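In: Provided below for reference: sequence and predicted model.
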Amino acid sequence: MKLTHIELRRIELPLVAPFRTSYGTESHRDVLLVRAIGPDSEGIGECVAMGEPLYSSEFVDGAQAVIKRFLIPRLDPNHVVAALVATDLAPVRGHHMAKAALEAAVLDAELKRFGQSMADRFGGSRDRVPAGVSVGITDSIPELLETVGGYLEQGYVRIKLKIQPGWDLEPVRAVREHFGDEVPLQVDANAAYTLSDAPHLARLDPFDLLLIEQPLPEDDVPGHAELARLIRTPICLDESIVSARTAADAIARRACRVVNIKAGRVGGYFEAVKIHDLCVANGIAAWCGGMLETGIGRAANLAGSMSCRRPRRTDLHATVVVVDDVLTTGSTVREAQRALESAGVPVAGVSTVAATRRRSEWTGCPDSGGSLPFSGPGH
């Protein structure tokens, strides 16, 4: 595919409500959009880097500079292939969010040129995906309960609570007691704790959480491995996973039982697929997270959720059995069965070792990440 030029555009969008996490409060999004334009198609990608280097070392001003000065010049405008963009950009160290935005724009243009959807490209088998939502830290428990209740009324099926030291046990207890065990519940610390907090974090175990996300600093994979031996709640890694290589290392160290895959954080959708396949091969749960994207980024995340590739062999006649070690509500195995059968793989039945009395579930759905309106190009 040929490209004639690439456009970088910044827009500013206010959040419906401030979104507070352990690393700060956001009231608006400074968004960088990348537009790849060719003779017969064009595509757009969104950079997930935030205004300040708090979630990660990347930030939007830096991402824009890197894309303009170092990434765009590495593409051959006469022959650009989306699947090879990561290889073309590999000599530039790091800057995964900047690379992901450029790759997404090229991929979008390529898909439009060939009349193919992103879901088709990556093996998407469904036209609807159940969505969860991330609930920021609030000023009070009553405010938290009102916020969670509003999201449940809107139809979100999974609740993720942001936590930090001093705001963890009580909000989790309040939500569990108020809404019951039926609501799938998880927490996200955004690296706010240290390994010395393990006894305190173990006090979250009785609440039957789906997971605790990124409790320790992103570079402390050994610490997460040790923490995993000290608490029962499954550990999910987010900030620590920036590539398939880092995911493989974390899995080998038994540092997590769940991975939050954010294409915009790991360098793009092709790398995200590698991480997904790695997780599947090793029995690690994976789900698609969000970064307060606009509708542009969210649409792409949705397209990559809950998919199954079709078998390469057309003579597959083996009996397939879905295996779930512990059955809760059964939603996970039902979705797995639907995805397999949509991909042409017959499912004979389900095998499970045990079933829980609590009715929590693993939903494997995109993370809305708070309320964010979508708007067209701004300044």
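Out: That came through, no problem. Numbers count the residues shown, from 1 in each chain.

In: Could you give the average pLDDT over stretch 109-129?
Out: pLDDT averaged over stretch 109-129 equals 84, rounded to a whole number.

In: Can you give me the buried ones in it?
Out: 109-113, 118-119, 121-122, 124-126, 129 (16 or more other CB atoms under 10 Å). (Glycine included, C-beta is placed from N, CA and C.)

In: any chance you could map the strands in the stretch 101-250 of the chain?
Out: If DSSP state E, counting those that start in this stretch is used as the criterion, the strands of the stretch 101-250 of the chain fall at 132-135, 158-162, 185-188, 212-213, 235-237.

In: possible to save those as CSV with distance to G24?
Out: Converted to CSV, these look like this (distance: least, CB to CB, whole Å):
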stretch, distance to G24
strand 132-135, 15
strand 158-162, 11
strand 185-188, 14
strand 212-213, 17
strand 235-237, 21
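
In: so which of these comes closest to E293?
Out: Of all the strands of the stretch 101-250 of the chain, the one in closest proximity to E293, counting by CB to CB, is strand 132-135 (12.3 Å).

In: so what does the closest one touch, helix or strand wise?
Out: Counting contacts by 3 or more CB pairs under 8 Å, 6 or more residues apart in numbering; DSSP states H and E, strand 132-135 is packed against helix 141-154, strand 158-162.

In: Relative to K2, which of the ones you listed is closest?
Out: For K2, the closest of the helices and strands packed on strand 132-135 is strand 158-162, at 42.3 Å, according to CB to CB.

In: picking that back up, nearest to P346, out of the buried residues of stretch 109-129: which one, please.
Out: Sorting the buried residues of stretch 109-129 by distance to P346 puts S125 at the head of the list, at 14.1 Å, by CB to CB.

In: contacting residues for E271?
Out: Contact criterion CB atoms under 8 Å, 6 or more residues apart in numbering gives A86, A100, S243, A244, A263 as the residues in contact with E271.

In: what do you get for I284?
Out: When contacts are counted by CB under 8 Å, 6+ apart, I284 touches I251, C256, R257, V258, V259, L278.

In: Mark which of those are part of helices, please.
Out: I251, L278 (DSSP state H).

In: which of the contacts of I284 has the most neighbours?
Out: C256 (28 neighbours; other CB atoms under 10 Å).

In: neighbours of the nearest residue to it once chain neighbours are set aside, just the number please.
Out: Of all residues beyond its chain neighbours, the one nearest C256 is L237 (4.3 Å), with distances taken as CB to CB, 6 or more residues apart in numbering. Residues within reach of L237, counting by other CB under 10 Å, total 25.
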